[in-house]
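Enquirer: Sequence and predicted model, in that order:
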2 protein chains.
Amino acid sequence: MHDLSATPTLGLEWLHASGPHSDVVLSTRVRLARNLQGYPFSIRAKPADRDAILSTVRGIVARDGMLKDAWVLPVRELQRTDRRLLLERHLVSRELVNEATGEPPLASALILSGQQPVGCMVNEEDHLRLQAILSGFQPVECWKLADRLDEEMGAHVPLAFHHEFGYLTSCPTNCGTGLRASVLIHLPGLVLTKEIHKVLHGLTQVGLTFRGLYGEGSEVVGNFFQISNQTTLGKSEEDLIDHLQKMVRQVIEYEVRARSILVRDAPSVIEDKVWRAYGILRYARSLSFEEVMNLLSGVRLGLSLKLLPGPSVYTLNKLMIFAQNAHVERLAGQALPPAELDVHRAAYVRQVLAEEEAGRGA
Amino acid sequence: MHDLSATPTLGLEWLHASGPHSDVVLSTRVRLARNLQGYPFSIRAKPADRDAILSTVRGIVARDGMLKDAWVLPVRELQRTDRRLLLERHLVSRELVNEATGEPPLASALILSGQQPVGCMVNEEDHLRLQAILSGFQPVECWKLADRLDEEMGAHVPLAFHHEFGYLTSCPTNCGTGLRASVLIHLPGLVLTKEIHKVLHGLTQVGLTFRGLYGEGSEVVGNFFQISNQTTLGKSEEDLIDHLQKMVRQVIEYEVRARSILVRDAPSVIEDKVWRAYGILRYARSLSFEEVMNLLSGVRLGLSLKLLPGPSVYTLNKLMIFAQNAHVERLAGQALPPAELDVHRAAYVRQVLAEEEAGRGA
């Protein structure tokens, strides 16, 4: 069995909030859907096909390139808690680990570079899902990383490509570039000024789409949204990235303006809101994850408006990930019933904030 | 004009929570309604009568006894903010200061001993309202103080007394002993276990009455109640006090039992509740007084259950008084619009709690 505990921050380089606009955009991701020539798509692939695909990829990883010496984590060889950990870090999809049934698909794997913020899911909906993730708002840089990884892969193994349709994918919606670029963005200003629906609706008019933080079908928590391109076909990768960049840059501007309006029109209401959020995180003895997210949203807003001296954005990012269920259980060293989970979560949040406060000499 | 700012804790000796059962009973009060012979009741008294009554009492105060060298504060000579201050300290009645119209009655006064926790309102509904107040649950001791004051008064000036009806009072409901003994009691356990209505209803069956903290007609805030005797006629003072003592002692026992049940059945829920209350008081930037009371109630409960290391009950008592509007304005040195009031109140609460935390080395 693979043990993930040796790598506590596996795949979490983006937490450091070092990227541009990281007070609004937490992270930028680009993923490319690719399939190997000569094998059926995953949905029709036989066990032997899946094994062959994984072996092929392992062979590539062993060579030079961005994935040299990368972690290869076949999901069947991971403990269930580790699979949940990877899910909570958004490094694997629900489909890859098949979390619903608890029986992961055959020969599915996560490949993760130890050197660069890139990785690859193997035998997911497509044979390959190449991924790159960066802190803050960096769609072009992120695309370049993914593109380099794609070129390296393509140099070692022939990819399914049609001169007219472009890259062929299991689901037609991914066909063409196979590209999905997304940003994880925090929009409390637009939510509080009630402009969010107008802005999000505007995005859908220009070929972008949005969802709450937890992916398809889940509700919005903590004013965190994922914005990504809707279409992948009929435009070049550069155009898709450029379009997303322009549109999201506008959303960032709207959000920054909304925040300044809040501070101008209701400074004490906002200040009170963010400090209460901090006070509850700092002292509560039981916290659901959803409440943590909503409170972190308040503190994050306060921080960007300089209403609070701390904690750092890094700490807020860390709490978003490490205060999730599987992470809390990992810290406790055992599975926990829901009520206990909330008590342990609150204890963890308190401890992190108290340590950071002490560090600030607060 | 009299200036109250020289006596910041005027009439607030009970805050020190030194009395018995002070984790449940904040204070015990006894007041005696008395009228001077030969003068019409206040409602019919002419200005000359009211002047004469106040002069007579001034004369007594100048002599020996419990009120020797007492403060004599004619309400017309007080600034409006000082009258509100006295109201918030429950040292004067709304009637005495006629707060509703802002024009205090002629020759009404508060007399307050600097040495003992006793005082007297002059030209209120009755000519005299003798009062004693002690920390915690001390009905007998409190009665003794009021009784001594009564005897001293009676020795200097003939009081209206009827051999059959007892002491005569402006309102027939006070006739007889003229005694009202009351306790200010904190009953969060009974409220949270939903037994409060049963217990309070029981009190009304045995000649006691209750109200929320802010007197007649106002709602309950922060789980604080005033319990007092309903009838004043047909029983001796000793019987009335004894009865109140027995009944309230039972209520205290019920409350203590309810608190232990809460801790047994829902320890983490209670712990979370009290710490959140503390967290909000500690960090909020805007607090209404009602919210402060509700939060202080939570912290007080936590303190009595030893779920929190502090603040002290004294601090909680102090905040109950000093976080009220007039006190906050006094501290700010100016009248404040409502929104500003809540901001100043939150700042004061934060400061007091931060200082106490620092003092504990927390």
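Expert: Structure received. Residues are numbered from 1 along each chain as shown, chains lettered A, B, ... in the order given.
Enquirer: ranges for the strands of the stretch 51-200 of chain A?
Expert: Ranges of strands within the stretch 51-200 of chain A are A:71-74, A:109-112, A:118-122, A:128-135, A:161-162, A:166-167, A:179-186, based on DSSP state E, counting those that start in this stretch.
Enquirer: can you tell me which of these comes nearest to chain B?
Expert: Minimum separation from chain B across the strands of the stretch 51-200 of chain A (Cβ to the nearest Cβ) falls at strand A:179-186, 21.1 Å. Any C-beta I mention is one placed from the backbone N, CA and C, and that applies to glycine too.
Enquirer: Direction included, what does the closest one pair up with?
Expert: Strand A:179-186 pairs in its sheet with strand A:25-34 (antiparallel), strand A:224-229 (antiparallel), by DSSP bridges.
Enquirer: Would you mind getting the angle between that strand and strand A:128-135?
Expert: 30 degrees (axes from the mean of the first three to the mean of the last three Cα atoms, to 10 degrees).
Enquirer: Would you mind writing the CA trace of stretch A:245-257 as CSV?
Expert: Extracted in CSV, the C-alpha atoms of stretch A:245-257 (Å, rounded to 0.1, in the frame of the first residue of the first chain):
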residue,chain,number,x,y,z
GLN,A,245,-8.3,35.5,-18.9
LYS,A,246,-10.2,38.5,-20.2
MET,A,247,-13.5,37.5,-18.7
VAL,A,248,-12.2,36.5,-15.3
ARG,A,249,-10.1,39.7,-15.1
GLN,A,250,-13.3,41.6,-15.5
VAL,A,251,-14.9,39.5,-12.7
ILE,A,252,-11.9,40.3,-10.5
GLU,A,253,-12.4,44.0,-11.2
TYR,A,254,-16.1,43.8,-10.4
GLU,A,255,-15.3,42.0,-7.2
VAL,A,256,-12.7,44.5,-6.1
ARG,A,257,-15.1,47.3,-6.8
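Enquirer: on that earlier part again, pipe the strands of the stretch 51-200 of chain A into TSV and attach mean neighbour count and mean pLDDT per row.
Expert: As requested, those are exported to TSV (neighbours: other Cβ atoms under 10 Å in any protein chain shown; pLDDT from 0 to 100):
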stretch	mean neighbour count	mean pLDDT
strand A:71-74	20	90
strand A:109-112	26	93
strand A:118-122	26	94
strand A:128-135	26	95
strand A:161-162	12	92
strand A:166-167	20	92
strand A:179-186	25	96
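Enquirer: Report the beta-bridge partners for the nearest residue to residue A:174 once chain neighbours are set aside.
Expert: Of all residues not flanking residue A:174 in the chain, residue A:33 sits nearest, at 4.4 Å (Cβ to Cβ, 6 or more residues apart in numbering or on different chains). Taking DSSP bridges as the rule, residue A:33 bridges to residue A:129.
Enquirer: So residue A:33 is in contact with residue A:167, correct?
Expert: Yes - between residue A:33 and residue A:167 there is a contact under Cβ atoms under 8 Å: 6.9 Å.
Enquirer: In three-state terms, label the closest residue to chain B within the stretch 1-150 of chain A for me.
Expert: Using Cβ to the nearest Cβ, the closest approach of the stretch 1-150 of chain A to chain B is made by residue A:23 at 20.7 Å. Three-state call for residue A:23 (DSSP: H, G, I helix; E, B strand; the rest coil): coil.
Enquirer: now the helices for chain A?
Expert: Counting by DSSP state H, chain A has these helices, from start to end: A:47-62, A:80-88, A:94-97, A:139-156, A:188-192, A:196-205, A:237-265, A:267-283, A:289-304, A:313-322, A:325-332, A:338-360.
Enquirer: Give me the helices and strands touching the first one, please.
Expert: Yep, that's helix A:47-62 we're talking about. Helix A:47-62 sits against strand A:71-74, strand A:109-112, strand A:118-122, helix A:139-156, with contacts defined as 3 or more Cβ pairs under 8 Å, 6 or more residues apart in numbering or on different chains; DSSP states H and E.
Enquirer: if you set the cut-off to 7 Å instead, what comes out?
Expert: On a contact count with 3 or more Cβ pairs under 7 Å, 6 or more residues apart in numbering or on different chains; DSSP states H and E, helix A:47-62 meets strand A:109-112, strand A:118-122.
Enquirer: Alpha carbons only: can I get the helix or strand of chain A with the lowest mean pLDDT in PDB?
Expert: Least confident element among the helices and strands of chain A, by mean pLDDT, DSSP states H and E: helix A:94-97 (a mean of 84). Presented in PDB, the C-alpha positions along helix A:94-97 are these (Å, rounded to 0.1, in the frame of the first residue of the first chain):
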ATOM      1  CA  ARG A  94     -14.900  11.300  -7.800                       C
ATOM      2  CA  GLU A  95     -14.900   9.200 -11.000                       C
ATOM      3  CA  LEU A  96     -11.300   8.300 -10.700                       C
ATOM      4  CA  VAL A  97     -11.600   6.900  -7.200                       C
END
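Enquirer: Let me have the strands paired with strand A:179-186 in TSV, extended by mean pLDDT and mean neighbour count.
Expert: TSV is the format used below for the strands paired with strand A:179-186 (pLDDT from 0 to 100; neighbours: other Cβ atoms under 10 Å in any protein chain shown):
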stretch	mean pLDDT	mean neighbour count
strand A:25-34	95	26
strand A:224-229	94	22
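Enquirer: Make TSV out of these and add distance to residue A:161.
Expert: Below are these laid out as TSV (distance: least, Cβ to Cβ, whole Å):
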stretch	distance to residue A:161
strand A:25-34	9
strand A:224-229	20
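Enquirer: So which of those strands is nearest residue B:153?
Expert: With Cβ to Cβ as the criterion, residue B:153 lies closest to strand A:224-229 of the strands paired with strand A:179-186, at 70.2 Å.
Enquirer: now the angle from that closest one to helix A:289-304?
Expert: Using the same axes, to 10 degrees: strand A:224-229 against helix A:289-304 is 80 degrees.
Enquirer: Now do strand A:224-229: everything it contacts.
Expert: For strand A:224-229, the surrounding residues in contact (Cβ atoms under 7 Å, 6 or more residues apart in numbering or on different chains) are A:180-187, A:203, A:207-213, A:240, A:244, A:248, A:251.
Enquirer: Grab the nearest non-local neighbour of whatever residue of the stretch 51-200 of chain A ends up closest to chain B.
Expert: Closest contact between the stretch 51-200 of chain A and chain B, by Cβ to the nearest Cβ, is at residue A:192 (15.8 Å). In space, and not counting its chain neighbours, residue A:192 is closest to residue A:262: 5.9 Å by Cβ to Cβ, 6+ apart.
Enquirer: Neighbours of residue A:205, how many?
Expert: 7 (other Cβ atoms under 10 Å in any protein chain shown).
Enquirer: Which pLDDT value goes with it?
Expert: You'll see residue A:205 listed with a pLDDT of 92.
Enquirer: Ok, residue A:220 next?
Expert: Note for residue A:220: predicted pLDDT of 68.
Enquirer: and if you look at residue A:115?
Expert: Looking at residue A:115, its pLDDT is 83.
Enquirer: which parts of chain A sit against chain B?
Expert: Counting by Cβ under 7 Å from any Cβ of the partner chain, the residues of chain A close to chain B are A:268, A:271-272, A:275-276, A:278-280, A:282-286, A:339, A:343.
Enquirer: switch to 8 Å and redo it
Expert: When proximity is defined by Cβ under 8 Å from any Cβ of the partner chain, chain A lies next to chain B at A:268-269, A:271-272, A:275-276, A:278-280, A:282-286, A:339, A:343, A:346.
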